[in-house]
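S.K.: Have a look at this prediction, sequence included:
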Amino acid sequence: MKNLCVEKMELGPIATNAFLIWEENGNGEAVLIDAPPFSKETVQQVLENEKLKLRAIWLTHGHWDHMGGVADFSTNKLEIIGHRDDQVMFEQPGIMSSFAIPGLELKPVQITQWVGHGEKLDLWGREIEVRHCPGHCPGNVVFWFKEEGRCFVGDVIFAGSVGRSDLPGGDFAVLKKSIHESIYTLPDDTLLHPGHGEDTRVDLEKSSNPFVQA
Ligand SMILES: [Zn+2]
């Protein structure tokens, strides 16, 4: 298995983490996890520097600060992944205007591949497991790269914190259940890449997260 390169970029008006992933000496394809508003230029720069071509955008969830930049990419040839429980936010993002920054134009995103809990995605010969973790919003999914021991978690859990559950469709009891069943059950040394702030690790959160105790 070739080495995986992960470029973390903090982008958009409220510092959302996007991650560009590709294989070292691989086939030249890259996958973007989340596309914050105004992210295209930065992503394009990395693609050019590394001589890569964007193949897909995998969206952890439908909130504007994670999907608001998708429409800026030439999406007709891209595989765009999301969970159906956030369909209304992907397709009618204007409903999030009151939570977004004033004046930001949010363009709809057409998901090309809906994914569900337990689904396995193949990425350059490695298996990625999708886990559905509602509670922050209805359709948050996490992407677990088993071989690499990394999981991209969107806004489910942060270093020392958890995602807001006070936005429409949020529910703390549901979020807590998702974290217990789908995050704390990952191997202890799994690196967690949240949608905001610093990376963390499963064992660190299990032992010290003040909001959801293991
Ligand atoms: Zn969110």
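M.R.: That came through fine. Keep in mind that what you see is a predicted model, and the values were worked out from it rather than measured.
S.K.: C-alpha from now on. contacts and neighbour counts both.
M.R.: Noted.
S.K.: quick one: contacts for the residue nearest to the spatial centre of the chain?
M.R.: By Cα atoms, centre = their mean, the mean C-alpha position of the chain lies nearest to T60, the distance being 3.2 Å. Going by Cα atoms under 8 Å, 6 or more residues apart in numbering, T60 touches 33-34, 66, 82, 139-143, 152-154.
S.K.: Buried ones in the longest helix seen in the chain, by neighbour count?
M.R.: The residue-count maximum for a helix in the chain (DSSP state H) belongs to helix 40-49. Residues of helix 40-49 classed as buried: 40, 43, 47 (neighbour count, 16 or more other Cα atoms under 10 Å).
S.K.: with those in mind, which one is nearest to P108?
M.R.: K40 (15.9 Å; Cα to Cα).
S.K.: show me what contacts the closest one?
M.R.: The contact partners of K40, by Cα under 8 Å, 6+ apart, come to 69, 72-73.
S.K.: before we move on, what about R55?
M.R.: Listed by Cα under 8 Å, 6+ apart, the contact set of R55 reads 29-31, 77-79.
S.K.: just the buried members of the residues you listed?
M.R.: Burial by neighbour count, 16+ other Cα under 10 Å: within the contacts of R55 this picks out 29-31, 78-79.
S.K.: Now render those as TSV, adding pLDDT, secondary structure and distance to E105.
M.R.: Listed next are these as TSV, based on pLDDT from 0 to 100; DSSP: H, G, I helix; E, B strand; the rest coil; distance: Cα to Cα, whole Å:
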residue	pLDDT	secondary structure	distance to E105
E29	97	strand	29
A30	98	strand	27
V31	98	strand	25
L78	95	coil	22
E79	96	strand	23
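S.K.: From those, pick the one nearest D203.
M.R.: For the buried ones among the contacts of R55, the closest approach to D203 (Cα to Cα) belongs to V31, at 27.2 Å.
S.K.: what is the closest one paired to in the beta sheet?
M.R.: Legend: beta-bridge partners of V31 under DSSP bridges are I21, A56.
S.K.: just the angle between the strand or helix carrying F19 and helix 40-49, please?
M.R.: Taking DSSP states H and E as the criterion, F19 maps to strand 16-23. In terms of direction (axes from the mean of the first three to the mean of the last three Cα atoms, to 10 degrees), strand 16-23 departs from helix 40-49 by 20 degrees.
S.K.: Return the alpha-carbon coordinates of strand 16-23 using CSV.
M.R.: Provided in CSV are the C-alpha atoms of strand 16-23 (Å, rounded to 0.1, in the frame of the first residue of the first chain):
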residue,chain,number,x,y,z
THR,A,16,-13.5,24.9,8.5
ASN,A,17,-11.0,22.1,7.9
ALA,A,18,-10.8,20.6,4.5
PHE,A,19,-8.5,17.8,3.7
LEU,A,20,-6.9,16.9,0.3
ILE,A,21,-5.8,13.3,0.1
TRP,A,22,-3.7,11.6,-2.5
GLU,A,23,-1.2,8.7,-2.8
